[in-house]
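S.K.: Pasting the sequence and the predicted coordinates here, then a few questions.
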Amino acid sequence: MRLILPALILLFPGLAAAAAAPSPAEIVAQAPNAAWRDVAPERLLVMKLADGGRVVIELAPEFAPVHVANVVRLAQSHQWDQGAIIRVQDNYVVQWRVRDEAAPLPNGFVAHPGAEYERPLAGLDYMALPYPDPYAAQSGIASGWLVGREGGQIWPAQCYGVVGVGRDMPPDTGDGRELYVVNGEAPRQLDRNLAVIGRVLEGMERLGALPRGTGPLGFYTDSRQNVTISGVTLAADLPASLRPTMQVMRTDSPSFHAYMAARAARHDPFFVRPAKGVALCNVPVPAREKK
């Protein structure tokens with residue numbers, strides 16, 4: 001295709017515009033430094049797996065401040081050390097837990113947080129997505145996070161890579177000792193039903209490639225199948241030389257608007273018919289390690 005496309009353009013000049021249209025990946029790769037914002041180390045969790053793999057999570061205290069604080073306290077008291085991934089359900093979630101759920105809780109830990117499933121829009125920047133959403137009256141982006149909206153209330157959408165808090169039946173809301181990440185098609189039916197504490201910025205390919213559990217709901221049936229977590233550390237607690245320097249794309253930047261338009265209507269050469277629309281979870285906010 002690379003060899004014959006220039007010849008086709010000579011024969012059919014109308015192809016030139018399509019050939020020149022960048023793909024979403026090209027837009028992200030070409031975005032200037034001004035299109036990116038640094039993620040503060042106080043908002044980053046670094047999870048190390050026993051095989052040496054690294055997963056970096058951006059925290060979302062805007063949406064679940066009490067649950068986020070609990071997770072950070074667990075990290076700072078080393079309760080994630082030698083914890084384990086215990087569940088990998090295909091096209092749904094990967095779930096992990098602390099080393100010992102019977103261990104004493106750290107100071108300041110809230111054992112029974114409220115239901116931090118939605119919040120007022122007031123105080124956050126917001127941009128509506130101009131396409132219908134089957135799970136919300138409206139969807140959009142609030143301060144860089146993909147959200148559903150109904151009136152003055154918003155909530156983080158359960159998209160691929162989103163990290164939430166496992167819980168039992170209501171009124172339990174979970175306390176942060178069990179977490180999950182969405183590893184497939186967005187289970188948006190979970191919106192407003194579980195607390196979201198963040199999103200994976202790096203390492204999702206490792207979590208997505210783990211062996212699937214064979215028990216009900218994808219749980220591992222033998223503890224020897226569990227994937228050991230070496231530890232989870234707040235990036236701010238690491239030496240500066242060991243901190244990940246992550247960035248996410250500014251959603252108010254021209255680059256993001258171009259990226260979103262390209263996701264909604266692909267005009268790069270491979271595509272014959274642009275979709276002319278995009279679902280909320282198909283506009284993931286790009287992330288990168290700072291150059």
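M.R.: Alright, I've got the coordinates.
S.K.: Next, count neighbours for residue 118.
M.R.: 17 (other C-beta atoms under 10 Å). C-beta: built from backbone N, CA, C; applies to glycine.
S.K.: need the contact list for it.
M.R.: Residues near residue 118 by C-beta atoms under 8 Å, 6 or more residues apart in numbering: 153, 154, 155, 192.
S.K.: what do you get for residue 256?
M.R.: The contact partners of residue 256, taken as C-beta under 8 Å, 6+ apart, are 35, 249, 250, 285, 286.
S.K.: Show me which of the residues you listed is closest to residue 145.
M.R.: Proximity of these to residue 145, judged by C-beta to C-beta, is greatest for residue 285, which lies at 7.7 Å.
S.K.: How about the secondary structure of that closest one?
M.R.: coil (DSSP: H, G, I helix; E, B strand; the rest coil).
S.K.: beta partners for residue 84?
M.R.: As for beta bridges, residue 84 partners with residue 97, residue 228 under DSSP bridges.
S.K.: Show the pLDDT at it.
M.R.: Looking at residue 84, its pLDDT stands at 98.
S.K.: Could you do residue 8 as well?
M.R.: 34.
S.K.: Using JSON lines, please lay out the contacts of residue 256 together with pLDDT.
M.R.: Converted to JSON lines, the contacts of residue 256 look like this (pLDDT from 0 to 100):
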{"residue": "35", "pLDDT": "98"}
{"residue": "249", "pLDDT": "98"}
{"residue": "250", "pLDDT": "98"}
{"residue": "285", "pLDDT": "98"}
{"residue": "286", "pLDDT": "98"}
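S.K.: Quick one: buried ones out of those residues?
M.R.: Using 16 or more other C-beta atoms under 10 Å as the burial test, the contacts of residue 256 include 35, 249, 250, 285, 286 as buried.
S.K.: Would you convert the residues you listed into TSV that also reports distance to residue 218?
M.R.: TSV is the format used below for those (distance: C-beta to C-beta, whole Å):
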residue	distance to residue 218
35	37
249	32
250	36
285	27
286	29
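S.K.: Name the nearest of the contacts of residue 256 relative to residue 184.
M.R.: residue 285 (18.6 Å).
S.K.: list the contacts for the closest one?
M.R.: 141, 144, 145, 146, 248, 249, 251, 256.
S.K.: Find me the pLDDT at the first one, would you?
M.R.: Read that as residue 141. 98.
S.K.: now do the last one
M.R.: Residue 256 is assigned a predicted lDDT (pLDDT) of 97.
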